[in-house]
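**Q** Give me a 3D structure for the following:
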Amino acid sequence: MKVVYDSIFYIAEQGHFTTLNRLELNNNGINIGVGLDNVLEVNGYKGGIYFTASNMWEYSLYSCNLLGGDLKKIYSVKVRNIDFINNYVFFYASNDYYNYKFYNINLDINTIEEFQ
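**A** Here you go, the predicted model:
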């Protein structure tokens with residue numbers, strides 16, 4: 001299924017995420033260096049879009065609203081094995097590229113938890 005939100009975002013059938021004009025995401029006018037052609041996984045929940053994107057060797061988890069505003073980097077450095085289940089995001093992440101930990105985010109209350 002293809003979805004267009006206000007001619008800004010386009011979610012391709014294979015799950016990749018791009019803009020119609022191929023611009024890069026920026027946050028308050030500051031380019032964050034994530035070309036949207038590098039987005040790996042994407043999911044929507046209650047008016048928000050959650051996605052992983054690469055910037056060189058880093059894969060980070062981002063969120064924004066349906067119009068592309070309110071862009072936030074939720075977790076950075078190395079995010080992998082992400083799953084979206086109902087109002088939760090589950091993923092493994094590492095800050096040092098070696099020691100991965102398991103996290104979940106409750107999207108309803110915007111909390112992140114690390115599992116030991």
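
**Q** Below-threshold pLDDT in this structure: ranges please.
**A** Residue ranges of the chain with pLDDT under 70: 1-39, 55-57, 65-69, 76-77, 97, 116.

**Q** Show me the strands in it, by range?
**A** Applying DSSP state E to the chain gives strands spanning 3-5, 9-11, 17-19, 26-27, 30-31, 39-45, 48-55, 58-65, 72-75, 78-85, 88-94, 101-106, 111-115.

**Q** Would you mind naming the residues that bridge with the residue nearest to Asp83 when sequence neighbours are not counted?
**A** Leaving aside its sequence neighbours, Asp83 sits nearest to Phe90 (Cβ to Cβ, 6 or more residues apart in numbering; 4.6 Å). Glycine gets a C-beta too; all of them are placed from N, C-alpha and C. For Phe90, the beta-bridge partners are Asp83, Asn104 (DSSP bridges).

**Q** picking that back up, can you lay out the strands of the chain as TSV showing mean neighbour count?
**A** Output for the strands of the chain, formatted as TSV (neighbours: other Cβ atoms under 10 Å):
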stretch	mean neighbour count
strand 3-5	12
strand 9-11	19
strand 17-19	18
strand 26-27	14
strand 30-31	10
strand 39-45	18
strand 48-55	20
strand 58-65	19
strand 72-75	16
strand 78-85	16
strand 88-94	18
strand 101-106	16
strand 111-115	10
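
**Q** Does Ala53 touch Leu71 like I think?
**A** No. With contact defined as Cβ atoms under 8 Å, Ala53 does not count as touching Leu71 (10.7 Å).

**Q** which ones are touching Tyr45?
**A** The contact partners of Tyr45, taken as Cβ atoms under 8 Å, 6 or more residues apart in numbering, are 84, 87, 107.

**Q** Swap in 7 Å and give it another go.
**A** The neighbourhood of Tyr45, defined by Cβ atoms under 7 Å, 6 or more residues apart in numbering, consists of 87, 107.

**Q** Which neighbours do Ala53 and Leu71 have in common?
**A** Joint contacts of Ala53 and Leu71 (Cβ under 7 Å, 6+ apart) are Tyr62.

**Q** Can you give me the distance of Leu61 to Phe91?
**A** Distance from Leu61 to Phe91, counting by Cβ to Cβ, to the nearest Å: 7 Å.
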